[in-house]
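*Asks:* got a structure for you, letters missing:
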């Protein structure tokens with residue numbers, strides 16, 4: 001079934017399913033690229049995720065219910081929740097994000113065109129035939145695809161670094177002058193790019209790389225406000241009772257030649273500073289995971305993860321979730337990790353708020369989806385936030401004893417490179 005036929009068929013199926021009291025309608029159609037498809041969706045909210053280790057993709061559209069954080073989410077056995085928790089303003093803060101229970105869910109799990117479209121039926125939200133009629137009108141709107149959004153980037157008017165490099169130097173110096181060998185603070189910075197008019201998702205999507213070994217995440221809570229992350233870092237995945245967590249910390253750029261790349265890899269592996277930064281995260285995760293996992297195993301240790309612009313030290317932990325524990329226990333124990341906040345956690349988060357001054361929004365947030373059977377949350381790094389006519393590009397670096405402000409500045413610049421088309425001619 002093609003997209004032209006989808007709407008009329010879906011409306012018929014929804015009416016029939018409502019009469020039979022089915023929880024959802026499932027329809028097979030053909031969509032070449034789900035990420036490209038979100039350009040044609042009307043209204044919202046919208047959330048897209050491509051998983052890191054598979055071809056699985058989801059595109060969630062429309063909302064029965066919106067939640068301000070994972071703690072407040074409610075959903076039935078067959079439903080999904082999509083969204084993101086923002087980086088906390090203070091230690092232990094949750095319910096500081098945007099999650100929603102979608103009405104329509106597109107799913108692709110292979111490289112072909114076949115796509116499953118699910119339309120969920122919430123009988124509390126649709127209690128009678130009168131509300132069903134309104135619901136069908138809304139479904140018709142959600143399944144009306146247009147290309148009204150401009151695919152052309154507006155003219156750029158200004159680029160501002162926040163902080164500027166001199167201010168960055170003073171911030172890094174402030175941290176290194178007071179930090180001990182057992183402490184770490186992750187500082188972030190932004191490029192704020194202003195345009196002559198509002199920036200649409202359609203104008204950006206064609207330039208966003210979708211590569212293996214990384215997540216691609218998109219969240220649009222409202223018109224003119226959306227977030228995109230091309231993240232290598234899994235916060236955790238939960239499949240049944242198996243939990244897996246990434247430990248990614250320690251960075252070098254990629255070389256322009258094979259020989260240079262190999263030299264940079266050896267430099268990364270042998271760097272005491274980078275290995276110490278990695279161990280901060282690994283030791284933290286091992287300690288925290290033992291609280292909610294049994295049979296904990298380190299399945300990767302100081303491997304090299306090569307991405308298009310940078311390479312990282314990479315480890316992985318896998319364990320079995322203890323009885324009585326859930327995704328909420330995992331999030332509360334390990335988020336934010338020392339890879340995006342620092343350590344000790346309370347010390348790092350308190351200092352980030354004081355030093356950075358501006359909030360991180362969804363940058364370094366916990367992003368993804370949850371169900372009763374599985375969960376997949378990534379760390380929202382390598383990201384941009386679009387608000388009207390401004391694009392905020394984020395990058396961060398772990399500051400430890402002995403950090404050099406110029407090297408850390410260059411590291412953040414490398415981490416922003418996925419979006420360099422925004423400022424390079």
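*Replies:* Good, I have the coordinates. This structure is a prediction, so every number in the text was calculated from the model and none was measured.
*Asks:* got the contact list for the residue nearest to residue 32 when sequence neighbours are not counted?
*Replies:* Using C-beta to C-beta, 6 or more residues apart in numbering and skipping the chain neighbours, the partner closest in space to residue 32 is residue 113 (5.5 Å). Quick note: C-beta positions are derived from backbone N, CA and C, even for glycine. By C-beta atoms under 8 Å, 6 or more residues apart in numbering, the residues touching residue 113 are 30, 31, 32.
*Asks:* what would these look like in a markdown table with secondary structure?
*Replies:* Listed next are the contacts of residue 113 as a markdown table, based on DSSP: H, G, I helix; E, B strand; the rest coil:
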| residue | secondary structure |
| --- | --- |
| 30 | strand |
| 31 | coil |
| 32 | coil |
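*Asks:* write the ChimeraX selection for whichever of the residues you listed are buried.
*Replies:* This is the ChimeraX syntax for the buried subset of the contacts of residue 113, where burial follows 16 or more other C-beta atoms under 10 Å:
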select :31
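*Asks:* residue 92: which of the contacts of residue 113 is nearest?
*Replies:* Among the contacts of residue 113, residue 31 lies closest to residue 92 (C-beta to C-beta), at 41.1 Å.
*Asks:* look up how far residue 59 lies from that closest one.
*Replies:* 9 Å (C-beta to C-beta, to the nearest Å).
*Asks:* overlap of the contact sets of those two?
*Replies:* 37, 106.
*Asks:* got the domain ranges for this structure?
*Replies:* Domain ranges of the chain: 3-142, 156-219+233-422, per automatic domain parsing.
*Asks:* what's the mean pLDDT across the longest one?
*Replies:* Yep, that's domain 156-219+233-422 we're talking about. Averaged across domain 156-219+233-422, the pLDDT comes to 95.
*Asks:* gap between the two ends of that domain?
*Replies:* Its start and end residues considered, domain 156-219+233-422 measures 9 Å (C-alpha to C-alpha, to the nearest Å).
*Asks:* ditto for stretch 157-170
*Replies:* Using C-alpha to C-alpha, one end of stretch 157-170 lies 28 Å from the other.
*Asks:* buried sites along that stretch?
*Replies:* 163, 168, 169.
*Asks:* what about that stretch, distance to the chain center?
*Replies:* On the basis of C-alpha atoms, centre = their mean, to the nearest Å, stretch 157-170 sits 25 Å off its chain's mean C-alpha point.
*Asks:* quick one on the thing from earlier: so the residue nearest to residue 32 versus residue 156, what's the distance?
*Replies:* Residue 113 is 36 Å from residue 156, by C-beta to C-beta.
*Asks:* and for residue 299?
*Replies:* Look at residue 299 and residue 156: by C-beta to C-beta, they are 44 Å apart.
*Asks:* thought residue 175 was touching residue 184?
*Replies:* No - Residue 175 is beyond contact range of residue 184, at 9.1 Å (criterion: C-beta atoms under 8 Å).
*Asks:* quick check: neighbours shared by those two?
*Replies:* Common neighbours of residue 175 and residue 184, using C-beta under 8 Å, 6+ apart, are residue 399.
*Asks:* that's a helix at residue 135, yeah?
*Replies:* Yes - checked against three-state DSSP, residue 135 lies within a helix.
*Asks:* count of residues packed around it?
*Replies:* Residues contacting residue 135 under the criterion other C-beta atoms under 10 Å number 19.
*Asks:* which residues does it contact?
*Replies:* When the contact criterion is C-beta under 8 Å, 6+ apart, the partners of residue 135 are 14, 125, 126.
*Asks:* mind naming the longest strand for the protein?
*Replies:* strand 293-306 (DSSP state E).
*Asks:* which parts of it are buried?
*Replies:* Judged by neighbour count using 16+ other C-beta under 10 Å, the buried positions of strand 293-306 are 293, 296, 302, 305.
*Asks:* same check on stretch 226-242?
*Replies:* Quick answer for stretch 226-242 (16+ other C-beta under 10 Å): 226-238.
*Asks:* okay, these in TSV with distance to residue 335 and secondary structure next?
*Replies:* Putting these into TSV (distance: C-beta to C-beta, whole Å; DSSP: H, G, I helix; E, B strand; the rest coil) gives the following:
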residue	distance to residue 335	secondary structure
226	22	strand
227	17	strand
228	20	strand
229	15	strand
230	20	coil
231	14	coil
232	17	coil
233	12	coil
234	12	strand
235	6	strand
236	9	strand
237	14	strand
238	14	strand
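*Asks:* measure stretch 160-180 end to end?
*Replies:* Per C-alpha to C-alpha, the first residue of stretch 160-180 is 32 Å away from its last.
*Asks:* mind checking the SS state of residue 244?
*Replies:* From three-state DSSP, the assignment for residue 244 is strand.
*Asks:* check the secondary structure at the closest residue to it other than its chain neighbours for me.
*Replies:* What sits nearest to residue 244 in space, not counting adjacent residues and going by C-beta to C-beta, 6+ apart, is residue 318, at 4.7 Å. Following three-state DSSP, we place residue 318 in the strand state.
*Asks:* the one 5 residues further on now?
*Replies:* Three-state assignment for residue 323 (three-state DSSP): coil.
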